[in-house]
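>>> Sequence and predicted model, in that order:
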Amino acid sequence: MNDPMLVTLIIILVVYLFTDLLLRKKKGHKLSKSFIKNVFHNRNKLFIAIDILLVIAFLGVAAYASTRFPPTYSPLLLFTFLAFINFLRGLEEWLYKREEKEYQHSWLAVGFLLVFLTVGFVYIP
């Protein structure tokens, strides 16, 4: 990873965190204190099953890709996976808990992960 790419990614991360915190403050949403509670608690069982299947599929694809592609592409695969998981999480929140408007944060994360992917494809030869 070269220096301009690292600086760009850090700037994007800071902008994302600032935007997410600003949106949370404006909407009155609180940050979750527990990752495990956030993943499994009070969620639709179908989406939990989809998440588990996607993690298993990701591990298989990552194992295959590690033998076929250079290691510089591994972070791009990870960001793609995270963007897809966040999109599905936002879809679940939009379908089942629309009044809480937490889906806005998930889709904001998807947008910034797509920007990360774009920067990655621009800087990786």
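Perfect, I can see it now.
>>> Okay, now the unreliable bits of the chain?
For the chain, the stretches flagged by pLDDT under 70 are 1-2, 32-39, 125.
>>> just so I have it, where are all the helices in it?
If DSSP state H is used as the criterion, the helices of the chain fall at 3-27, 35-40, 45-68, 74-96, 103-123.
>>> Please tell me how far residue 75 sits from residue 116.
Using CB to CB, to the nearest Å, residue 75 is found at 8 Å from residue 116. From N, CA and C alone the C-beta is placed, and that goes for glycine too.
>>> So for these two, which sits in the more crowded spot?
Using other CB atoms under 10 Å as the criterion, residue 75 and residue 116 rank with residue 116 on top: 22 against 15.
>>> The more buried one and residue 8: what is the separation?
From residue 116 to residue 8 the distance is 9 Å (CB to CB).
>>> Grab the nearest non-local neighbour of residue 47.
Nearest non-adjacent residue to residue 47, counting by CB to CB, 6 or more residues apart in numbering: residue 92, 4.4 Å away.
>>> quick one: the one you found and residue 42 touch, right?
No. The pair residue 92 and residue 42 does not pass the contact test of CB atoms under 8 Å, sitting 10.9 Å apart.
>>> Just want to know which of the two has more residues nearby.
residue 92 (20 against 8).
>>> contacting residues for that one?
By CB atoms under 8 Å, 6 or more residues apart in numbering, the residues touching residue 92 are 43-44, 47.
>>> And it, how far from residue 107?
12 Å.
>>> roughly how far apart are the closest residue to residue 90 other than its chain neighbours and residue 50?
Excluding its sequence neighbours, the residue lying closest to residue 90 (CB to CB, 6+ apart) is residue 106, at 3.2 Å. With distances taken as CB to CB, residue 106 is found 14 Å from residue 50.
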